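# From the sequence below, what's the structure:
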Amino acid sequence: MQDQNEDTEWNAALRKHGIIPKRQGAEGTDHKSLQEDEELTKVQSVVKTYEQMTQDELEELDDLNEEDERVLEMYRLQRLAELQSNQRKAVFGSVLEISGPDYVDEITKAGADLWVVLHLYKQGIPLCTLINQYLSELARKFPATKFVKAISTTCIANYPDKNLPTIFVYRGGNIRVQFVGPLMFGGMKLTRDDLEWQLAEAGVVKTDLEENPRKEIPDALLGSLRSTGNRWKDDSDED
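Here you go, the predicted model:
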């Protein structure tokens, strides 16, 4: 929502009708005419609980003049847009389990502006289990990101176990980042903050962590590991 203290024409209209408070530090607010004060008081009495009103109650506000109605309608549309935007940003919150047939609908067609994190795993691999646990926690923390998991061979036939765990990060249906194999995650020493930082570095989430929780791993080494991970197909062919 825009800054209510900002000196804009839109905010001035909202202040006039008592929808937002007077601008802090504004000059001249003590020199309003009596007529303006009376008009402001009247409108404030009508709109002071505007956001709490039901649709039926809003429709009963038939004693407002054309200007009042225009401002209220603009404000209603603005609030509706904000609510819809917040709802779109919080549509997930858990990790979705999929199989091969679900891949296209759940990942490729997920949305042009949506980040999708896919974890390929197998049961019985401790690091895969650990990452699934962390992803469940991160999914709750970052509900605007879609977190998905799948048993590796249900999505990619004959996918080698040595490449597990694997995380593919998608946006617009295309792979943007991939983390392949246990070295990419630092093995069982991996913490949730480590994984969150890796996803934040890839641009997937906006972390509140101030620095890399695993300082001892140089960025150059991480870059090298990512390059190694990109060759998983070649390794798979040799197998």
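# what's the domain layout of the protein?
With domains defined by automatic domain parsing, the chain comprises 9-89, 95-238.
# can you pull out the helices in the protein?
Remark: helices assigned in the chain by DSSP state H are 9-16, 34-47, 55-59, 66-89, 103, 126-141, 152-155, 192-201, 219-229, 232-238.
# Let me see the mean pLDDT of the second one.
Mean pLDDT, computed over helix 34-47, is 52.
# before we move on, what about the first one?
Per-residue pLDDT values across helix 9-16 average out to 63.
# just the longest one next, same as before
The average pLDDT for helix 66-89 rounds to 66.
# Give me the below-cutoff pLDDT ranges for the chain.
Filtered on pLDDT under 70, the chain yields the residue ranges 1-21, 23-69, 71, 79-90, 215-239.
# can we see that at 50?
Residues of the chain that meet the criterion pLDDT under 50 lie in 26-33, 42-43, 46-48, 218, 220-221, 224-234, 236-239.
# Check what contacts stretch 125-139 and list those residues.
Residues outside stretch 125-139 that contact it (C-beta atoms under 8 Å, 6 or more residues apart in numbering) are 92-95, 117, 119, 121-123, 145, 147, 149, 161, 164-165, 167, 182, 185, 187-188, 190, 192, 195-196, 199, 205. Backbone N, C-alpha and C define where each C-beta goes, glycine included.
# Could you rerun that using 7 Å?
Contact with stretch 125-139 is made by 92-95, 119, 121-122, 147, 149, 164-165, 182, 185, 187-188, 190, 192, 195-196, as judged by C-beta atoms under 7 Å, 6 or more residues apart in numbering.
# Verify the contact between A110 and V117 for me.
No: using C-beta atoms under 7 Å, A110 is not in contact with V117, being 10.8 Å away.
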